[in-house]
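J.: Generate a structure from the sequence data that follows.
(2 chains)
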Amino acid sequence: MSATSPSPDGFHLFRYAAPPEFYRLAGKAVPVFGAVAAALLAVGLYFSFLVAPTDAQQGESYRIIFIHVPAAWMAMFIYVVMAFWAGMGLIFNTRMSAVMACALAPTGALMAFLSLWTGAMWGRPAWGTYWDWDARMTSTLILLFLYIGFMALHSAIDDTRRADRAAGVLALAGVVNVPIIYFSVQWWNSLHQGSSLSMGKGPSIAAPMLEAMLIMALAFWAYCIAVALARARAIVLERERGSEWVRALPGMPS
Amino acid sequence: MGARLARDAIVNWGSWQAFWAMGGYGGYVWGAYGAVALAVVGELIALRLRARRARRGASRTGARTGVRARS
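T.: Next up, the predicted model:
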């Protein structure tokens, strides 16, 4: 369990900030979260299509809620976590912080895209339109652009540390968009419906529908953790290539 | 488990055609679920390729700071 990487400044407050420790631990966590995601997805799909009843007003089209809401939640949540790690990287200059931010961005972008896409698929039958420049949809589109901007800015700068800093500042500045998305349906008179689930109030949908949605949300959650950790491991190898501990990894050609 | 699934499917949908039709909203429902499935499969493939490339390049010696692997 000893940290194998002698860091030059001897800063060991964040133990898993040491890439070798992170690499080892994440290697164990990825299959666990992957298996949990697969199991929850199977149960969630069963509830989504076989347990949850037909909606009285929307018929079967409402079943898109079981992927739309989890994708939208993850898109917002991942952004907050990404901005957190970007901020940690800017303040403490820990190597793993920027790696985590970079590892989360593609998955967050995918979730933002999926929330827009599934929203369009639902909006057409429910509202009669795929898209509207409504506050929630527009701010979610901005979220997608923030993710894309983060990745584009990072890959445009050759020096990794400078890229981390520049993209980190962008991620932090963009975090103001997340509460705008979240509260948009209350602040503006919106085409988008209000929350199905909000703190301090009972849910506004039937119990089996809520169960299906929550199980799918947990499945998305586990999937995103597994994928982000797996990507972070790849990024660690990319950044630490040629170093002693990487060459000492089992299975590495010497 | 299999029998229970089949029974629930029949109670809810009656037939496979009814299941795929989704009460006339099949295009929207499967368009949404299909996009999620494609996205997940695509991300997993991209991730596997990136991890393999990273492992191959990792043992190469050389400058380790300031050199950035293209993502």
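
J.: quick one, strands of the stretch 101-250 of chain A?
T.: Remark: no strands are assigned in the stretch 101-250 of chain A by DSSP state E, counting those that start in this stretch.

J.: who in the stretch 51-200 of chain A is up against chain B?
T.: Residues of the stretch 51-200 of chain A lying close to chain B (CB under 8 Å from any CB of the partner chain) are A:51, A:53-54, A:59-61, A:63-64, A:67-68, A:71, A:102, A:106-107, A:110, A:113-114, A:117-118, A:121-122, A:124-125, A:151, A:155, A:158-161, A:163. The way it works is simple: take the backbone N, C-alpha and C, and place the C-beta from them, glycine included.

J.: And those residues, which of them are buried?
T.: Using 16 or more other CB atoms under 10 Å in any protein chain shown as the burial test, those include A:59-61, A:63-64, A:67-68, A:71, A:102, A:106-107, A:110, A:113-114, A:117-118, A:121-122, A:124-125, A:151, A:160, A:163 as buried.

J.: Quick one: residues contacting A:Ile157.
T.: Applying CB atoms under 8 Å, 6 or more residues apart in numbering or on different chains to A:Ile157 gives the contacts A:163, A:166-167.

J.: What about residue 43, how many residues nearby?
T.: Going with chain A. 16 (other CB atoms under 10 Å in any protein chain shown).

J.: ah, I was thinking of chain B
T.: With other CB under 10 Å as criterion, B:Glu43 counts 17.

J.: and it, how far is that from B:Leu49?
T.: Separation of B:Glu43 from B:Leu49 (CB to CB, to the nearest Å) stands at 11 Å.

J.: And A:Pro53, by the same measure?
T.: 42 Å.

J.: Check B:Val36 too.
T.: B:Val36 sits at a distance of 21 Å from B:Leu49 (criterion: CB to CB).

J.: what's the answer for A:Pro250, then?
T.: Counting by CB to CB, the separation of A:Pro250 from B:Leu49 is 21 Å.

J.: Neighbour count: those two, which is higher?
T.: Between A:Pro250 and B:Leu49, counted using other CB under 10 Å, the more crowded position is B:Leu49 (11 against 4).

J.: Now do the same for the more buried one: its pLDDT.
T.: Listed pLDDT for B:Leu49 reads 96.

J.: Show me where chain B dips below the pLDDT cut-off.
T.: The model of chain B has pLDDT under 70 over residues B:1, B:59-71.

J.: what's the longest helix along chain B packed up against?
T.: The longest helix of chain B (DSSP state H) is helix B:26-58. With contacts defined as 3 or more CB pairs under 8 Å, 6 or more residues apart in numbering or on different chains; DSSP states H and E, helix B:26-58 has these neighbours: helix A:65-92, helix A:95-127, helix A:207-240.
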